[in-house]
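> structural data only, the sequence is not supplied:
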RNA sequence: CGCAGGGUAGAGCAGUCUGGUAGCUUGUCAGGCUCAUAACCUGAAGGUCGUUGGUUCAAAUCCAACCCCUGCACCCA
């Protein structure tokens, strides 16, 4: 009865949504949908990380309260999800009462168990940047100008014991090859763990920062934002409730490579271990989108607004591009040129045009009704065999998160339908009076329609709306179950075809 | 320095884990077709798979060494 529990990282409430946020959500959504189509009960959660210094600073800059600031950002991100057709089951915010309670509960448990201790330390502190800095931050022996005055201060804080669990963590990662995907990321973590790790400072004194969750055992401090943020995963699984085991352990934490080390591969497993909670099954680590070869970052200011693309080309085209171009784990380059090429050649010319010509032929030669497959020959057999062998391969590629390969394969099959239609040339058959040609036309249309139906069914996780549209053109309901729908059959006989439709109009000017 | 990733037709990428005729898209050239979104189909040209060595009957793939590019302060998926 346990659900498949899938999470994205929660977005930090500091700045606007960009392509990276969009990608992670689309990836998680695609995975969720693909599991649902295989009859799994999915719980998909995303959300917002709202505490910490940066949020406090952004709010001050905008001249609003922290909570108002977060409410606004939450709206932005929820809008993004809606635009991208992200079907999450829960949207968590770290300012929710339930979450605060879970964080305090965990802190108290760790404190009682001796996993948290108080210590003082001193270091160099930048008053302007409001954080500790290191000697190595100096450029040419001088502090960067935006650090302002740098002074030595000493501070007392609470620390969470990481180091004593280091060997346990190494053993755990080595004995659980599925824990970090793809494999090379695990290697990276193990490299990191070759050096001793420091205990984690999990508090901030209120004289520096008040925007956080107060420590349950010391009201002079708030909780460090990462400690707070990571706990969202168990809050979202109803940690305080009996139903916790319906969700936990999480099956997939979907995260970017930047927050693997140390947050998700070091802090989080040790936190859970120290709390006596089972670890998530898999950290699914994706790469970054570069923008025309350059690293995308807030500071560089080259943020591609995903919403712009969506409005111009449609959400499914955008989802298709991201899933088709990215090899999970690697970085990938986003360029409008390539987006246009994918849009035009894959979506408009191959898929869209196939749908368009099929509908038109159906009306022109078969009165808009799909006939029965009566007469088949080598051409039909070959096409059918191609699809029959491709379907399980595509599904298993999906299950391995190799979406780029699944889509490549699927579009090769779509091309094969175009070639098959060319081979049969119903427009020629229609001109002749030869016995049996009418049947052959019916067969061609029926087989092609069946292939288009399958294409729509298999595209559903990536392009849910398009999938549903295509199916409705063929007189079918949306697919909800691959076991039933992802099979080559003759399910469409008697179905009424819709009038010709342009699914992906050519967009002349980029 | 170290660690990680990448280096495959003009361009952009996959394939490398699990060795066996080098694949996809785009671009170019030549044909075909006209149902269709100036779309579709067929064929051709184009690669010493970064370099050198090793293992093997067989290496893009495994091993070793080296070269080049990228990332590794904060922020950021």
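Thanks, I have it. Not measured: the values here are computed from a predicted model.
> how close does residue A:57 get to residue A:130?
Shown here: residue A:57 relative to residue A:130, a distance of 8 Å by C-beta to C-beta, to the nearest Å. Backbone N, C-alpha and C define where each C-beta goes, glycine included.
> may I have the phi/psi pair for residue A:8?
Dihedral pair for residue A:8: phi -100, psi 170, per degrees, to the nearest 10.
> which strand residues bridge it?
Beta-bridge pairing of residue A:8 under DSSP bridges involves residue A:254.
> before we move on, back to that, which one's more surrounded, residue A:57 and residue A:130?
Of the pair residue A:57 and residue A:130, residue A:57 is the one with more neighbours under other C-beta atoms under 10 Å, namely 17 against 14.
> list the contacts of the more buried one.
Residue A:57 sits next to residue A:130 when contact means C-beta atoms under 8 Å, 6 or more residues apart in numbering.
> could you check the pLDDT of it?
Listed pLDDT for residue A:57 reads 89.
> host element of it?
Following DSSP states H and E, one finds residue A:57 within helix A:53-62.
> could you identify the helix or strand that succeeds that helix?
Immediately after helix A:53-62, counting by DSSP H and E, sits helix A:66-83.
> which helix or strand contains residue A:204?
Residue-wise, residue A:204 maps onto strand A:203-205 under DSSP H and E.
> residue A:465 now?
Using DSSP H and E, the element containing residue A:465 is helix A:464-473.
> helices or strands up against that helix?
Helix A:464-473 is packed against helix A:315-325, helix A:353-366, helix A:437-459, with contacts defined by 3 or more C-beta pairs under 8 Å, 6 or more residues apart in numbering; DSSP states H and E.
> centre of the chain versus whichever helix or strand comes after the strand holding residue A:204, how much separation?
For strand A:203-205, the following helix or strand on the C-terminal side (DSSP H and E) is strand A:214-215. Mean-position distance between strand A:214-215 and its chain equals 32 Å (C-alpha atoms, centre = their mean, to the nearest Å).
> and the next helix or strand after strand A:214-215, average pLDDT?
Helices and strands here follow DSSP H and E; after strand A:214-215, the next one along the chain is strand A:218-223. In this model, strand A:218-223 carries a mean pLDDT of 96.
> who's in contact with the residue of chain A at minimum distance from RNA strand B?
Nearest residue of chain A to RNA strand B: residue A:352, at 1.6 Å (C-beta to the nearest atom of the strand). Going by C-beta under 8 Å, 6+ apart, residue A:352 touches A:502, A:503, A:504.
> coming back round to it: what pairs with the strand holding residue A:204, parallel or antiparallel?
Here, using DSSP bridges, strand A:203-205 pairs with strand A:218-223 (antiparallel).
> what are the buried residues along the strand it pairs with?
For strand A:218-223, a neighbour-count test (16 or more other C-beta atoms under 10 Å) marks A:218, A:221, A:222, A:223 as buried.
> show me where the stretch 51-200 of chain A has strands.
A:90-93, A:116-126, A:131-133, A:150-160, A:180-181, A:200-201 (DSSP state E, counting those that start in this stretch).
> would you turn the ones you listed into CSV with distance to RNA strand B?
Output for these, formatted as CSV (distance: least, C-beta to the nearest atom of the strand, whole Å):
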stretch, distance to RNA strand B
strand A:90-93, 14
strand A:116-126, 10
strand A:131-133, 7
strand A:150-160, 13
strand A:180-181, 10
strand A:200-201, 13
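> dump those to a markdown table, plus mean pLDDT and mean neighbour count.
As requested, the strands of the stretch 51-200 of chain A are exported to a markdown table (pLDDT from 0 to 100; neighbours: other C-beta atoms under 10 Å):
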| stretch | mean pLDDT | mean neighbour count |
| --- | --- | --- |
| strand A:90-93 | 97 | 18 |
| strand A:116-126 | 87 | 14 |
| strand A:131-133 | 76 | 15 |
| strand A:150-160 | 89 | 15 |
| strand A:180-181 | 90 | 21 |
| strand A:200-201 | 92 | 18 |
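> of those, which is nearest residue A:324?
In terms of C-beta to C-beta, the element of these nearest to residue A:324 is strand A:180-181, at 19.8 Å.
> show me what the closest one is packed up against.
Counting contacts by 3+ C-beta pairs under 8 Å, 6+ apart, strand A:180-181 packs against strand A:282-286.
> which secondary structure elements does the helix or strand just after the strand it packs on contact?
From strand A:282-286 onward toward the C-terminus, using DSSP H and E, the following helix or strand is strand A:289-291. Where contact means 3+ C-beta pairs under 8 Å, 6+ apart, strand A:289-291 is packed against helix A:19-36, strand A:332-334.
> now the angle from the helix or strand just after the longest one to helix A:53-62?
The helix or strand immediately downstream of helix A:19-36 is strand A:42-49, counting by DSSP H and E. With axes from the mean of the first three to the mean of the last three C-alpha atoms, to 10 degrees as the criterion, the two stretches strand A:42-49 and helix A:53-62 enclose an angle of 60 degrees.
> buried sites along the helix holding residue A:465?
A:464, A:466, A:467, A:468, A:469, A:470, A:471, A:473.
> next: stretch A:405-417.
Buried residues in stretch A:405-417, defined by neighbour count with 16+ other C-beta under 10 Å: A:405, A:406, A:407, A:409, A:410, A:411, A:413, A:414, A:416, A:417.
> please see if that stretch touches RNA strand B.
Yes: contact between stretch A:405-417 and RNA strand B, assessed by C-beta under 7 Å from any atom of the strand, occurs at A:405, A:408, A:411, A:412, A:415.
> need the residues you listed in TSV with secondary structure, can you?
Below are those laid out as TSV (DSSP: H, G, I helix; E, B strand; the rest coil):
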residue	secondary structure
A:405	helix
A:408	helix
A:411	helix
A:412	helix
A:415	helix
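> if we can go back for a sec, out of the helices and strands packed on helix A:464-473, the one nearest residue A:13 is which?
Using C-beta to C-beta, these put helix A:315-325 closest to residue A:13, at 23.4 Å.
> what angle do the closest one and helix A:437-459 make?
If you take the same axes, to 10 degrees, helix A:315-325 sits at 80 degrees to helix A:437-459.
> okay, the angle between helix A:315-325 and helix A:464-473?
110 degrees.
> can you give me the angle helix A:315-325 makes with helix A:19-36?
Using the same axes, to 10 degrees: helix A:315-325 against helix A:19-36 is 90 degrees.
> from the contact counts, what lies against helix A:315-325?
Secondary elements touching helix A:315-325 (3+ C-beta pairs under 8 Å, 6+ apart): helix A:19-36, helix A:306-313, helix A:336-341, helix A:403-424, helix A:464-473.
> mind putting those into CSV with mean pLDDT?
Formatted as CSV, the helices and strands packed on helix A:315-325 follow (pLDDT from 0 to 100):
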stretch, mean pLDDT
helix A:19-36, 95
helix A:306-313, 80
helix A:336-341, 89
helix A:403-424, 96
helix A:464-473, 98
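> check residue A:292 and give its pLDDT.
Per-residue pLDDT puts residue A:292 at 67.
> surely residue A:449 meets residue A:362?
Yes: contact status for residue A:449 versus residue A:362: in contact at 7.2 Å, counting by C-beta atoms under 8 Å.
> what touches both of these two?
A:370, A:497.
> and the closest residue to residue A:38 other than its chain neighbours, what does it touch?
Among residues not flanking residue A:38 along the chain, residue A:482 sits closest, at 5.6 Å (C-beta to C-beta, 6 or more residues apart in numbering). By C-beta under 8 Å, 6+ apart, the contact list for residue A:482 reads A:37, A:38, A:395, A:457.
> fine, thanks again, bye for now.
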